[in-house]
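A.B. asks: sequence first, predicted coordinates after that:
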Amino acid sequence: MKRKLIHLETSRIILRHWKVEYYTSFAEINSDPYVMKYFPKLFTRIESNILAKKIKSFIEKNGWGMWAVELKSIVNLLAL
């Protein structure tokens, strides 16, 4: 069963479901040594895309999960 997706918005950010357009930014985050310092390894673009698809699918199935955070001033993935 597909659940209603949550979309929360403030004056500065949007907490929302994943968009395919976020995959590039997510891959950049996952390949940054500083960001991934405490992870076992950096992710390749393919590994990052696989993870993003899993996150997106989980939200679609359960109605909650690791939402994307979009900063309105740059209209780009900021975090999850």
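C.D. replies: On my side now, so go ahead.

A.B. asks: so what's the spatially most central residue of the chain bridging to?
C.D. replies: By Cα atoms, centre = their mean, the mean C-alpha position of the chain lies nearest to A68, the distance being 4.2 Å. A68 has these beta-bridge partners by DSSP bridges: R16.

A.B. asks: from K41, how far off is it?
C.D. replies: Distance, A68 to K41, using Cβ to Cβ, to the nearest Å: 23 Å. All C-beta spots, glycine's among them, are computed from the backbone N, C-alpha and C.

A.B. asks: same question, K54
C.D. replies: K54 sits 17 Å away from K41, going by Cβ to Cβ.

A.B. asks: of those two, who's got more company?
C.D. replies: When K54 and K41 are compared for neighbours, K54 comes out ahead with 12 against 8, by other Cβ atoms under 10 Å.

A.B. asks: just confirm that one is within a helix.
C.D. replies: Yes. Under DSSP: H, G, I helix; E, B strand; the rest coil, K54 sits within a helix.
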